[in-house]
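Engineer: Quick one, structure for this:
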Amino acid sequence: MSPLLERYRNILDFTLSSLRRRKGKNLSLLLVYTLVVFIIASLLFFTQALKREAALILADAPDLVVQRMVAGRHDPIPEEYAVQIAAVRGVSAVTPRVWGYYYDATTGANYTLLAADRDSLPSGAVRIGSGVARVYRLSKGDIFPLKDARGVPALFEVREILPAASELVAADLIQMREDDLRTLFDFPKGRATDLAVSVRNKSEIATVAAKIVRLYPDSRPILKSEMLRTYDSLFDWRSGILVVVLASALLAFIIFAWDKATGLSAEERREIGILKSIGWETADVLLLKSWEGIVISLTAFLSGAVLAYLHVFFFSAALFEPALKGWSVLYPQFRLVPHVDLFQLSVLFFLTVGPYTAATVVPCWLAATVDPDSAMRS
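Structural biologist: Numbers count the residues shown, from 1 in each chain. This next block holds a predicted model:
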């Protein structure tokens, strides 16, 4: 073995033995350090995974959704609008959609009612999401009661329960024939909730939206990209709220880590003086302390990141799920597909490993430049 490698091996051996000698101090720091990395990494993993799920869901969304605004509020749109919008250059298809929200006073939950294709369901039958079935303990063939706009009960037969794989988007969904939905909501004929517009050239979506506004000034086109930005902003805002709440804990960790890293004990100063007196150079002492900081910070980072990965993708982020999903009576039950943003993970690495490692080197450099006799007597 070359002298250089032998030197580094000896320094590494001494680093590990030094960590073992002060295991109480190092273990307490490691636990707090790991907890902080775990919390921040969990927020990053969960937020990015939800953003990815939203992007996959919106991939099948229409290019444009056209609503009608009356006095600043969403109002049913005349189906005649669809004929004129379909004639706009660049539009390939326009589909009127009938849907709405139903508040269930019994459970306090809100359901989404959507008109299904006429041939897919007979009159008086519904297709429900697994979340609705779970709340009411319904099975295929059961009777599902709903109240219409006049408060009169309407009975529907459960023909199908949507698969659990679709629960993220269909947990609260109830599908029925359009005429049943119009009767239930007393929805006016000849009108729709909104219009789903498909555009041939995706780069011209904004142009088509501008044409629709000129054609119908009371309309509001919503682009698919705007929907995706809304989801991104929502998840960023929710994760930011949690970071602010945990800021005091993060500040306490910074103070704790700085105190542990910079507060060299008399024993550590004496140890540095002994090493200097037996021939260790200042560079060797700095390398020793740097490796000590790297071992602790890297172990904490890897442990925190792995625990965060398991927490989010195997235990559905049980600690942060209510805060990041929002409050609801009817929660969808789903497991996120693992997705890690390497850029954000790299930023987290440099923000957690770098500062602590630097904080261990500066005081050691100051102690290593002191005369060995003075250091051993301190």
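Engineer: most centrally placed residue in this protein?
Structural biologist: Centroid-nearest residue in the chain: T47, 1.4 Å away (criterion: Cα atoms, centre = their mean).
Engineer: That residue: which element?
Structural biologist: helix 23-58 (DSSP states H and E).
Engineer: list the helices and strands that helix packs on?
Structural biologist: helix 167-170, helix 224-245, helix 247-262, helix 282-313, helix 321-325, helix 342-368 (3 or more Cβ pairs under 8 Å, 6 or more residues apart in numbering; DSSP states H and E). In this view, the C-beta of every residue, glycine as well, is placed from N, C-alpha and C.
Engineer: Mind giving me the packing neighbours of the longest strand along the chain?
Structural biologist: Criterion DSSP state E: the longest strand present in the chain is strand 153-161. Helices and strands touching strand 153-161, by 3+ Cβ pairs under 8 Å, 6+ apart, are strand 125-128, helix 130-136, strand 143-147, helix 178-185.
Engineer: again, only using 6 Å
Structural biologist: Strand 153-161 sits against strand 125-128, strand 143-147, with contacts defined as 3 or more Cβ pairs under 6 Å, 6 or more residues apart in numbering; DSSP states H and E.
Engineer: nearest to K211, of those?
Structural biologist: Closest to K211 of these, according to Cβ to Cβ: strand 125-128, at 35.9 Å.
Engineer: then that closest one to PDB, C-alphas only?
Structural biologist: Taking Å, rounded to 0.1, in the frame of the first residue of the first chain, the C-alpha atoms of strand 125-128 are listed here in PDB:
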ATOM      1  CA  ALA A 125     -78.900   3.100 -12.400                       C
ATOM      2  CA  VAL A 126     -75.600   4.700 -11.200                       C
ATOM      3  CA  ARG A 127     -71.900   3.900 -11.300                       C
ATOM      4  CA  ILE A 128     -70.200   5.000  -8.100                       C
END
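Engineer: pLDDT averaged over it - what is it?
Structural biologist: Across strand 125-128, pLDDT averages out at 93.
Engineer: and if you look at stretch 172-181?
Structural biologist: 92.
Engineer: Begin at 45, not 1, for the rest of this chat.
Structural biologist: Fine by me, first position is 45 from now on; the one you just mentioned is stretch 216-225.
Engineer: and that stretch, how far from the chain's centre?
Structural biologist: Relative to its chain's centre, stretch 216-225 lies at 31 Å (Cα atoms, centre = their mean, to the nearest Å).
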